[in-house]
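In: the following block contains a protein sequence and its predicted model.
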Amino acid sequence: MLNPDVLKARIEQALPGAQVELRDTTGTGDHFEARVVSPTFAGLSMVEQHQQVYGPLKDVLQTGELHALALKTYTPEQWNKVKR
């Protein structure tokens with residue numbers, strides 16, 4: 001069972017200044033949903049943004065410890081429009 005705080009910290013470390021919200025969607029500690037808002041996403045495609053988030057979690061994805069991670073990624077400007 002993965003600790004969501006550890007996953008969140010790994011994403012934040014890889015993307016300085018990012019706002020990360022992580023939710024265990026099944027209660028089993030291996031299926032999560034993440035919302036990541038980062039200025040580093042500016043000018044990147046959604047696939048590139050998701051790759052930046054998956055990168056620091058590659059090891060737990062490969063081992064299957066992290067079975068599923070649903071992502072919603074935004075630049076701060078996009079998030080300001082969406083969150084209203």
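Out: Looks like it arrived, so ask away. Numbering: from 1, shown residues only.
In: what are the contacting residues of the top helix by length along the chain?
Out: Scanning the chain for the helix with the most residues, using DSSP state H, yields helix 4-14. Contacts to helix 4-14, defined as CB atoms under 8 Å, 6 or more residues apart in numbering, come from residues 18, 20, 22-24, 29, 32, 34, 36, 52-53, 55-57, 60, 66. The way it works is simple: take the backbone N, C-alpha and C, and place the C-beta from them, glycine included.
In: got it, and stretch 21-30?
Out: 1-4, 7-8, 11, 31-36, 64-68, 70.
In: and the closest residue to residue 42 other than its chain neighbours, how many neighbours?
Out: Spatial nearest neighbour of residue 42, chain neighbours left out: residue 75 (5.0 Å); criterion: CB to CB, 6 or more residues apart in numbering. For residue 75, the tally of surrounding residues (other CB atoms under 10 Å) stands at 17.
In: check residue 75 and give its pLDDT.
Out: For residue 75, the pLDDT comes out at 97.
In: next, residue 72: secondary structure please.
Out: strand (DSSP: H, G, I helix; E, B strand; the rest coil).
In: show me what it is bridged to.
Out: residue 35 (DSSP bridges).
In: shouldn't it be in contact with residue 38?
Out: No: Residue 72 is beyond contact range of residue 38, at 11.9 Å (criterion: CB atoms under 8 Å).
In: cool, thanks, talk later.
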